[in-house]
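[1] Using only what follows, build the 3D model:
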Amino acid sequence: MTTYREHYQSAMTEPEQFWLHQAHRLPWFQPPKQALQQTGENRYSWFADGQLNCCYMALDYHVAQGRAEQAALIYDSPVTNTQQHFSYQQLLQEVRQCAGTLKSLGVGKGDRVVIYMPMIPEAVIAMLAVARLGAIHSVVFGGFAAHELAIRIDDATPKVVISASCGIEVNKVIAYKPLLDKALALAEHQPDFTLIVQRSQLPVELVEGRDIDWHDALQQACPAECVAVASDDPLYILYTSGTTGKPKGVVRDHGGYAVALNYSMEAIYGVKAGDVFFAASDVGWVVGHSYIVYGPLLAGCTTVLYEGKPIMTPDAGAFWRICQQYQVKVLFAAPTAFRAIRKDDPEASLLQQYDLTALQSIFMAGERLDPSTYEWTTEKTGKPVVDHWWQTESGWPICANLMGVEALPVKPGSSSVPVPGYCIQVLDDSGQPLPANQQGNIAIKLPLAPGCLQTIWGNEARFEAGYLSTFPGYYSSGDGGYIDDDGYVFIMGRTDDVINVAGHRLSTGEMEEIIARHPAVAECCVIGVSDELKGQLPLGLVVMKNGVQLSAEQLEQELVAMVREDIGAVACFKQAKVVEKLPKTRSGKILRKLLRDVADDKDPQIPSTIEDPSCLDDIYTQLKA
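    Presented below is the predicted three-dimensional model:
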């Protein structure tokens, strides 16, 4: 198969044959004979008769195949001035020792281990070691508030928690151990042990009988070998925010996930064994799980683990430096990273210092890629830029341009076309399919492709209610958008980002797209605020590029005129406030609900995922001016 259409049609019309072929490209202990099995109403299992171990597939197999000396992991930490290479053999040795340590602490198949770590090699080693034992890891973003960590500990009930003494941000050290200690004081469930990586920037005292020094424990451990697990056994729990305030523990399987990731590395990203892959994310997020750890290693690639920012470590040339130094073939980051780079270096002058010959493509996901950021990145780098859409729940792309199969024409604003295995439809609120170019609810016809969530940890009812009950027979994505005449999918934002102005349903994403075109705008967000007369009115919040000589009042007038020109007076767009910074999660998503609450004078619930809460003071001042 050499075209996108051939891949997609084969996955749709002959899913059994298509996915078994992909599965058999991996080294199973017991290869599956069946691809898909229905286990209940709206419940499916992939490769249920197969047995495997993801750590074996990611490390042992490649060592056996002659890749022992190839770099598996490159650790690059400008915040500590550290660079370190791990060959496949070295990484395997470290993982075997860590698995042996965990085994000696009583961790076995099906047990949970919470990992609360910064972006250091030990985080990757811990994840793979847990998988090696057939246990279930739950990675919590390092630096999360103690209360949030406690909630996750109580939900996952881990036998062991693995952490580090501290994390390091730009010009500051964040003490993790006090946060962990407080979380354990708050939590009802108590792990048997905590395993602590002591970092030289902030060594800490350990609690006797509970805390164990990582380095000492691994030195004394007997290496552990891989445990065979069933394809549909849980590999990990990854918590994502929920509408009720309590996080949802997305459960991922072993077999379907491994098959999906391995297929995606070659078909979507166009990389093969030996290539260097740089996902500028964090292991606490789904991108880190899929494309820092499991995906690249399953494919025999070299993966880059970056402890730093796209800017200020030391400057907005950080990504380009890494791409040149390690001969990166594919760079993957969130659009917000490139907006930050553009804000600090609008003309990309720092890019001129680096040779990006090896870089073949740049992928973006995590939020909608606005056409302005797409065009800037394409123009300045000269590289293909691919917007693709997926979720924590899916675990890998739902829509993408399959660069390893056939590079289709790009449509700015679109996350390209459905990935093989996903049947995407746009439905109205009653569940009826909508025609092309008409906005509605993005839904995926069941069964989902391999690799997607199995359930919510310990809460089947929440899984059913949150994803499967809104549109029977479909997975409800919670995103809104449309599909054009050519089959390209346009994700316009969460369905709660559609505002109702005097009876007219308007997309805030469409307004953001218009505003972002203004040459003075580095970043923007449009929210709907309550209005007695019209129900809701749009409000723009704008971050200006550095060095722009334009008053806030003049910019507001120009933005109002642009939205009126493109959408019309029906949009009622009359306010665009200039702010210093937008509130975001650590993964770069703008906290729109928080902004709506502030604008509507509601008591805002500031989530633990916020990166810099201090920016809210400036926003509040601007909104009340």
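
[2] Poorly predicted segments of the stretch 451-600 of the chain, please.
    The model of the stretch 451-600 of the chain has pLDDT under 70 over residues 495-498, 502-505, 533, 587.

[3] could you redo the last one with a cut-off of 90?
    Flagging of the stretch 451-600 of the chain using pLDDT under 90 yields the residue ranges 478-480, 492-511, 513, 530-536, 547, 549, 564-572, 584-594, 596-600.

[4] Which stretches in the stretch 401-550 of the chain count as strands?
    In the stretch 401-550 of the chain, the segments counted as strands under DSSP state E, counting those that start in this stretch are 417-418, 424-427, 440-445, 455-456, 474-483, 489-494, 498-501, 504-507, 521-531, 535-544.

[5] is it possible to export those to CSV including mean neighbour count and distance to V283?
    From N, CA and C alone the C-beta is placed, and that goes for glycine too. Formatted as CSV, the strands of the stretch 401-550 of the chain follow (neighbours: other CB atoms under 10 Å; distance: least, CB to CB, whole Å):
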stretch, mean neighbour count, distance to V283
strand 417-418, 24, 28
strand 424-427, 19, 29
strand 440-445, 22, 26
strand 455-456, 21, 21
strand 474-483, 22, 24
strand 489-494, 21, 25
strand 498-501, 18, 33
strand 504-507, 18, 33
strand 521-531, 22, 26
strand 535-544, 22, 28
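
[6] Dump these to TSV, plus distance to Y294.
    Listed next are the strands of the stretch 401-550 of the chain as TSV, based on distance: least, CB to CB, whole Å:
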stretch	distance to Y294
strand 417-418	23
strand 424-427	24
strand 440-445	22
strand 455-456	20
strand 474-483	22
strand 489-494	24
strand 498-501	34
strand 504-507	34
strand 521-531	31
strand 535-544	34
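
[7] so which of those comes closest to D566?
    With respect to D566, and counting by CB to CB, the nearest of the strands of the stretch 401-550 of the chain is strand 504-507 at 11.8 Å.

[8] Please name the nearest non-neighbouring residue to K383.
    I362 (5.3 Å; CB to CB, 6 or more residues apart in numbering).

[9] so what strands line up beside whichever strand or helix holds V113?
    In this structure, V113 sits in strand 112-117 according to DSSP states H and E. Under the criterion DSSP bridges, strand 112-117 sits next to strand 136-141 (parallel), strand 160-164 (parallel) in its sheet.

[10] Out of those strands, which one sits most buried?
    Of all those, strand 160-164 carries the top mean neighbour count, a mean of 27, counting by mean count of other CB atoms under 10 Å.

[11] After that one, which helix or strand is next?
    Next along the chain after strand 160-164, taking DSSP H and E as the criterion, comes strand 166-169.

[12] now for that following strand, which elements pack on it?
    Secondary-structure packing of strand 166-169 (3 or more CB pairs under 8 Å, 6 or more residues apart in numbering; DSSP states H and E): strand 172-175, helix 176-186.

[13] hmm, who's touching it?
    77, 79-80, 118-119, 142-143, 173-177, 199, 201-202, 204, 307 (CB atoms under 8 Å, 6 or more residues apart in numbering).

[14] Quick check: mean pLDDT of it?
    Strand 166-169 shows an average pLDDT of 94 in the prediction.

[15] what does stretch 101-113 give?
    Averaging pLDDT along stretch 101-113 gives 98.

[16] roughly how far out does that stretch sit from the chain middle?
    Averaging C-alpha positions (CA atoms, centre = their mean, to the nearest Å) puts stretch 101-113 27 Å from its chain's average.

[17] ditto for stretch 270-281
    Distance, centroid of stretch 270-281 to centroid of chain: 16 Å (CA atoms, centre = their mean).
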